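[1] Here is my input, please return the structure:
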Amino acid sequence: MSSNDRSVYRNSDGNWVNKKHGASRASSIHRTQREAESAAKGMLRNSGGGELNTHGLNGKIRSKDTIGKRDPFPPRDTEH
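    Numbering: from 1, shown residues only. Prediction:
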């Protein structure tokens, strides 16, 4: 995990938060998860890359993506 990693999750008020890991405040707040993910991806690309953890409505991580740098654990090719 790098200091540039980010999470997108739903706040108690129903808005979606884009927050850098270790930060005390959100980087941005959005009405939809898609908007928050888009903002987080743009910030990761502009700052050299990192991991994006997207949480579902239940609060559990539903996806992890490497943005703006080589993925150290790419998906395996399953077409053999």
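
[2] what pLDDT, on average, does the host helix or strand of residue 40 get?
    In this structure, residue 40 sits in helix 33-46 according to DSSP states H and E. Averaging pLDDT along helix 33-46 yields 96.

[3] and the nearest residue to residue 4 once chain neighbours are set aside, bridged to which residues?
    Among residues not flanking residue 4 along the chain, residue 50 sits closest, at 3.7 Å (Cβ to Cβ, 6 or more residues apart in numbering). Backbone N, C-alpha and C define where each C-beta goes, glycine included. On the basis of DSSP bridges, residue 50 is bridged to residue 67.

[4] Next one: residue 50 relative to residue 67, how far apart?
    Distance of residue 50 to residue 67, computed by Cβ to Cβ, to the nearest Å: 6 Å.

[5] Which residues are in contact with each of those two?
    Contact with both residue 50 and residue 67 is made by residues residue 44, according to Cβ atoms under 8 Å, 6 or more residues apart in numbering.

[6] thinking again about what came up before, hang on, the residue nearest to residue 4 packs against residue 65?
    No. Counting by Cβ atoms under 8 Å, residue 50 does not reach residue 65; the two are 9.8 Å apart.

[7] Which one's more surrounded, these two?
    Remark: of residue 50 and residue 65, residue 50 carries more neighbours, 22 against 14, as counted by other Cβ atoms under 10 Å.

[8] Select the helix or strand of this protein having the lowest average pLDDT value.
    Every helix and strand of the chain was ranked by mean pLDDT, DSSP states H and E. The lowest is strand 61-67, at a mean of 94.

[9] roughly how far is that strand from the heart of the chain?
    In this view, strand 61-67 has its centroid 6 Å away from the chain centroid, taken as Cα atoms, centre = their mean, to the nearest Å.

[10] cool, stretch 17-32 as well?
    Distance of stretch 17-32 from the chain centroid (Cα atoms, centre = their mean) equals 10 Å.

[11] before we move on, the earlier item: return the set of buried residues in the helix holding residue 40.
    Across helix 33-46, burial judged by 16 or more other Cβ atoms under 10 Å covers 33, 35-37, 39-41, 43-44.
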